[in-house]
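Take this sequence and fold it.
(one chain, ligands or ions: 1)
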Amino acid sequence: MMTDPCIHVFDDRKEMNSFLIKKWTEIGMECIERRGVFAAALSGGGTPTEFYRELASASSAFPWDKTHIFLVDERFVPISEAVSNFGMLRTCLLSGLNMPPGNIHFIMTDTASPVTSANEYEEELMSFFGLIVGEVPVFDFIGLGLGADGHTASLFPGSPEAEVPLAPESSRLVVAVRRDNVMYARVSLTLTVINNARDVVFIVTGGSKAAIVKRVVEDRDMGFPASRVEPSSGNLTFVLDSEAASMLNK
Ligand code: 6PG
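The predicted model follows:
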């Protein structure tokens with residue numbers, strides 16, 4: 001059963017990024033001490049870029065050689081495209097680190113189709129986490145954004161891929177997503193994987209997200225995929241700036 005989410009609100013973006021770096025470091029160091037590895041999946045979009053840049057410059061002593069970075073989702077475009085999530089992550093975070101190449105797990109988008117990419121990424125998850133069919137990976141950290149329409153990852157309202165699976169053991173780990181109102185076909189982790197993580201952290205900023213933050217964080221309106229992020233035994237944290245939190249009552 002999910003514990004109540006933790007909500008942190010910051011007036012100052014620098015303080016918010018310092019909090020995120022501290023949280024990343026604490027979680028990562030604990031995982032590496034306990035299990036020798038830290039497996040994290042990160043989202044794209046615009047919100048986390050500042051955090052990624054500051055994380056790259058602030059954590060030279062962090063054990064990146066024992067850290068594996070995955071993508072939460074990807075747009076089905078060449079990684080050279082400006083809208084590529086991996087392209088952004090490489091620019092803002094990875095290029096500043098000396099991570100072993102084998103520790104970086106991105107979603108291939110030069111395949112025949114998004115379905116092929118989803119299948120290949122799912123196989124990579126199964127291999128890395130040493131799973132058999134029906135088992136679900138346990139990420140140590142998953143960073144999520146929140147769209148104004150209530151999507152997260154590439155799980156959009158009304159999309160069958162965004163439904164909470166009745167039988168997680170038979171659920172896909174990675175799906176291909178095509179929506180008429182969404183630019184680019186997408187490849188995304190499913191809620192089955194996201195809700196199996198040890199720590200899930202939403203990073204949301206800006207007044208344009210205030211209304212959806214209230215619907216998701218306070219109302220827990222299950223009409224929105226982001227509200228269905230309810231880690232079964234992990235921690236759920238919302239890290240918000242004051243603009244994004246401006247419609248919360250508490
Ligand atoms: C993507 C992201 C997506 C993002 C939200 C918020 O591929 O776009 O994974 O889920 O986190 O759309 O995007 P912004 O941070 O740009 O508002």
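
quick one, what contacts the closest residue to residue 37 other than its chain neighbours?
Leaving aside its sequence neighbours, residue 37 sits nearest to residue 66 (Cβ to Cβ, 6 or more residues apart in numbering; 5.5 Å). In this view, the C-beta of every residue, glycine as well, is placed from N, C-alpha and C. Taking Cβ atoms under 8 Å, 6 or more residues apart in numbering as the criterion, residue 66 is in contact with 32, 36-38.

ok, now residue 108?
By Cβ under 8 Å, 6+ apart, the contact list for residue 108 reads 117, 120-121.

which residues touch the residue of the chain found nearest the ligand?
The ligand sits closest to residue 145 of the chain, with a gap of 2.1 Å, by Cβ to the nearest ligand atom. Applying Cβ under 8 Å, 6+ apart to residue 145 gives the contacts 43-45, 47-48, 152, 202-204.

Next, check those against the strands and list the overlap.
Those of those mapping onto strands are 202-204, per DSSP state E.

Tell me where this structure has strands.
6-10, 38-42, 67-71, 73-75, 104-105, 141-144, 174-177, 186-189, 199-204, 235-241.

The last one and the ligand in contact?
No - for strand 235-241 and the ligand, the contact criterion (Cβ under 6 Å from any ligand atom) is not met; the two come no nearer than 12.0 Å.

Return the list of strands paired to that strand, each annotated with direction.
Strand 235-241 has the following sheet partners, assigned by DSSP bridges: strand 6-10 (parallel), strand 199-204 (parallel).

and those, which is most packed in?
strand 199-204 (a mean of 24; mean count of other Cβ atoms under 10 Å).

Alpha carbons only: can I get that one in CSV?
The C-alpha trace of strand 199-204 is given here as CSV (Å, rounded to 0.1, in the frame of the first residue of the first chain):
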residue,chain,number,x,y,z
ASP,A,199,11.7,6.2,-5.1
VAL,A,200,9.5,8.1,-7.6
VAL,A,201,10.1,11.9,-7.8
PHE,A,202,8.0,14.3,-9.7
ILE,A,203,9.7,17.6,-10.6
VAL,A,204,7.1,20.3,-11.6
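
which ones are touching residue 222?
By Cβ under 8 Å, 6+ apart, the residues touching residue 222 are residue 228.

Look up the pLDDT of it for me, please.
Per-residue confidence (pLDDT) for residue 222: 96.

show me what contacts residue 199?
Shown in contact with residue 199 (Cβ under 8 Å, 6+ apart): 27, 140-142, 231, 234-235, 237.

Including pLDDT and neighbour count, could the residues you listed go into JSON lines?
JSON lines is the format used below for the contacts of residue 199 (pLDDT from 0 to 100; neighbours: other Cβ atoms under 10 Å):
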{"residue": "27", "pLDDT": "98", "neighbour count": "18"}
{"residue": "140", "pLDDT": "98", "neighbour count": "22"}
{"residue": "141", "pLDDT": "98", "neighbour count": "24"}
{"residue": "142", "pLDDT": "98", "neighbour count": "28"}
{"residue": "231", "pLDDT": "97", "neighbour count": "19"}
{"residue": "234", "pLDDT": "95", "neighbour count": "21"}
{"residue": "235", "pLDDT": "97", "neighbour count": "17"}
{"residue": "237", "pLDDT": "98", "neighbour count": "18"}
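
if we can go back for a sec, what's the closest of the contacts of residue 145 to residue 3?
For the contacts of residue 145, the residue nearest residue 3 by Cβ to Cβ is residue 202; the value is 15.2 Å.

Bridged to that closest one, which residues?
The partner residues for residue 202, given DSSP bridges, come to residue 144, residue 238.

need the longest helix for the protein.
helix 13-35 (DSSP state H).

and that helix with strand 6-10, angle?
For helix 13-35 against strand 6-10, the angle by axes from the mean of the first three to the mean of the last three Cα atoms, to 10 degrees is 140 degrees.
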